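In: Sequence and computational prediction follow.
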Amino acid sequence: MTIRIDKALIAEQNDKLLSDLQEDYQALGNKLARSDINIDEITAKAEQFEIAVPSWGTGTGGTRFARFPGVGEPRNIFEKLEDSAVINDLSQCTGRVSPHFPWDKVDDFTELKQFSDELGLRWDSINSNTFQDQPGQEHSFKYGSLSNTSAASRELAIQHNLDCIEWGKTLGSKTLTVWVGDGSNHPGQQHFQHAFERYLDSMKKIYAGLPADWEMHIEHKMFEPAFYSTVIQDWGSNILAAMELGEQAKSLVDLGHHAPNVNIEMIVSRLIQFKKLGGFHFNDSKYGDDDLDSGSLHPYQQFLIFNELVDAEYRNQEGFNPNYMLDQSHNVTDPIESLINSAASVQRSYVGALLVDRSKLTEYQNSNDALMASNTLKAAFNTDVSPILAMARYKKGGAIDPIATYRSAGYRSAVAVKRPNSGGNGSGIV
Ligand SMILES: [Mn+2]
């Protein structure tokens, strides 16, 4: 039987916090009103904000050195969905789940769709996986998948992506996300141009199988598993591939997949300008692709990205409708808590960016007043929008304090009984 967070418990916890929240909300409302901002309009936008949860994020992550499994980890896609429902019940902004195939492959996708419907969840982008071999796989991906020098390996990778589209159709998804680990570990190992040509030829075959109302999102990654060169290494290679493939192909920005200190918000602006921004994988990083919790380290960078996104939203930029998703690895926290926290962190950046005085910013930009332009952004970033986030959750039936409510529900210990540790590592290291 599916364990859910009792609605009565959420209400009971909310009752204790409501009057304080109302007071804080009123105070923030008064402050924003002085800048002609209606707090209720901002809260309504916060209520509409959605970010998808990756199915693999509900399990404990790890590194190439070790993984320390948590208790009561989900053992299959059905249990991952149960955990995802808990996250959404409390946070009220994670109604979609992004699956990863073949990790989440089932025999009966209609049954899986029925189960997600019962939980009130919808399906986000389908992620294909050609960065590892499956048991008994006839042609290896050791030396690449879509760009492999072996035609048989390429065909296998193409077919897997076409299968993902078919499974996604049953689930009601509208996007395929393609990330390949293809690349090289030694200078001279791979002919850069020929590898990219093979990749594009393979991607054209997948693109041809894309339904008319679907998008294909291409994810770039600077390094790992290939440590010298990667076929889709950066946003330049990414947008070139997306432009070569056609309108339905767009670029996906994973925050951890860039060199340190790269100006990601400017990349986002470029992709928006050329109608090529497909979506995001949110996470944070210090050294590389660390997959730290979103906004845990660089909340200002996350805000600056949303500053570009909100700017595009307000300008009604043509072709602008990016998917938001979390993609991070939870090694030392309860994944449910990290995902709740991270979804709220990204939502916080969005709401903060809504507060930017855009007419003043334009004025300062046009008069080259660098200091005041910067201060205009900082004024919005420094505004504590916590009452807006809590009110948005409360109004949608979620928890004012989702982490505290989750802890008081005892969900993890309840599922630990139901899900004995298999002792295996399973997926989760991504
Ligand atoms: Mn990613």
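Out: The structure has been received and is ready for your questions.

In: If we ignore the residues flanking it in sequence, what's nearest the residue of the stretch 51-200 of the chain at minimum distance from the ion?
Out: Here the residue of the stretch 51-200 of the chain nearest the ion is residue 179; by CB to the ion that distance is 6.4 Å. For every residue, glycine as well, the C-beta is placed using N, CA and C. The shortest distance from residue 179 to any non-neighbouring residue, by CB to CB, 6 or more residues apart in numbering, is to residue 219 (3.9 Å).

In: At the geometric centre of the chain, which residue sits there?
Out: Within the chain, the residue whose C-alpha comes closest to the C-alpha centroid is residue 325; the distance, by CA atoms, centre = their mean, is 1.8 Å.

In: Contacts only, for whatever residue of the stretch 301-430 of the chain ends up closest to the ion.
Out: When scored by CB to the ion, the stretch 301-430 of the chain has residue 327 as its residue closest to the ion, at 3.9 Å. Applying CB atoms under 8 Å, 6 or more residues apart in numbering, one finds that residue 327 lies in contact with 54, 57, 254, 256, 281, 282, 283, 291, 430.

In: just to revisit the earlier point, doesn't the residue nearest to the centre of the chain lie inside a strand?
Out: Yes. Counting by DSSP: H, G, I helix; E, B strand; the rest coil, residue 325 is part of a strand.

In: Name the residues of the helix ranked longest in the chain that come out as buried.
Out: The helix that spans the most residues within the chain, counting by DSSP state H, is helix 7-33. For helix 7-33, the neighbour count (16 or more other CB atoms under 10 Å) marks 10, 13, 14, 17, 21, 24, 25, 28, 29, 32 as buried.

In: and which of these is nearest residue 105?
Out: residue 10 (33.5 Å; CB to CB).

In: I'd assumed residue 210 was in a strand, is it?
Out: No. Secondary structure of residue 210, determined by three-state DSSP: coil, with no strand assignment.

In: Help me confirm that it comes into contact with residue 176.
Out: Yes. Using CB atoms under 8 Å, residue 210 is in contact with residue 176, at 6.9 Å.

In: These two: which is more packed in?
Out: Of the pair residue 210 and residue 176, residue 176 is the one with more neighbours under other CB atoms under 10 Å, namely 26 against 19.

In: helix or strand for the more buried one, which one?
Out: Taking DSSP states H and E as the criterion, residue 176 maps to strand 175-178.

In: which neighbours does that strand have in its sheet, and in what orientation?
Out: Sheet pairing for strand 175-178, assigned by DSSP bridges, gives strand 126-128 (parallel), strand 215-219 (parallel).

In: Make CSV from these and add distance to residue 413 to it.
Out: Formatted as CSV, the strands paired with strand 175-178 follow (distance: least, CB to CB, whole Å):
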stretch, distance to residue 413
strand 126-128, 31
strand 215-219, 36
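
In: Could you dump those into TSV with distance to residue 95 and mean neighbour count added?
Out: What follows is the strands paired with strand 175-178, written out as TSV (distance: least, CB to CB, whole Å; neighbours: other CB atoms under 10 Å):
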stretch	distance to residue 95	mean neighbour count
strand 126-128	17	26
strand 215-219	19	24
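
In: can I get these in a markdown table with distance to residue 299 and mean pLDDT?
Out: What follows is these, written out as a markdown table (distance: least, CB to CB, whole Å; pLDDT from 0 to 100):
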| stretch | distance to residue 299 | mean pLDDT |
| --- | --- | --- |
| strand 126-128 | 26 | 98 |
| strand 215-219 | 23 | 98 |
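
In: need the strands for this structure, in chain order.
Out: For the chain, applying DSSP state E gives strands covering 53-54, 96-98, 100-101, 122-123, 126-128, 175-178, 183-184, 215-219, 229-230, 249-254, 277-282, 323-326.

In: any chance of these in JSON lines, with distance to residue 167 too?
Out: Converted to JSON lines, the strands of the chain look like this (distance: least, CB to CB, whole Å):
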{"stretch": "strand 53-54", "distance to residue 167": "16"}
{"stretch": "strand 96-98", "distance to residue 167": "13"}
{"stretch": "strand 100-101", "distance to residue 167": "6"}
{"stretch": "strand 122-123", "distance to residue 167": "10"}
{"stretch": "strand 126-128", "distance to residue 167": "7"}
{"stretch": "strand 175-178", "distance to residue 167": "10"}
{"stretch": "strand 183-184", "distance to residue 167": "27"}
{"stretch": "strand 215-219", "distance to residue 167": "15"}
{"stretch": "strand 229-230", "distance to residue 167": "27"}
{"stretch": "strand 249-254", "distance to residue 167": "19"}
{"stretch": "strand 277-282", "distance to residue 167": "19"}
{"stretch": "strand 323-326", "distance to residue 167": "18"}
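
In: Select, out of those strands, the one closest to residue 412.
Out: Sorting the strands of the chain by CB to CB, the top spot, which is the nearest, belongs to strand 53-54 at 16.5 Å.

In: Could you check how many residues crowd around the nearest residue to residue 365 once chain neighbours are set aside?
Out: Counting by CB to CB, 6+ apart, residue 365 lies nearest to residue 373, which is 5.5 Å off, once chain neighbours are set aside. Residues contacting residue 373 under the criterion other CB under 10 Å number 18.

In: Fine, thanks again, bye for now.
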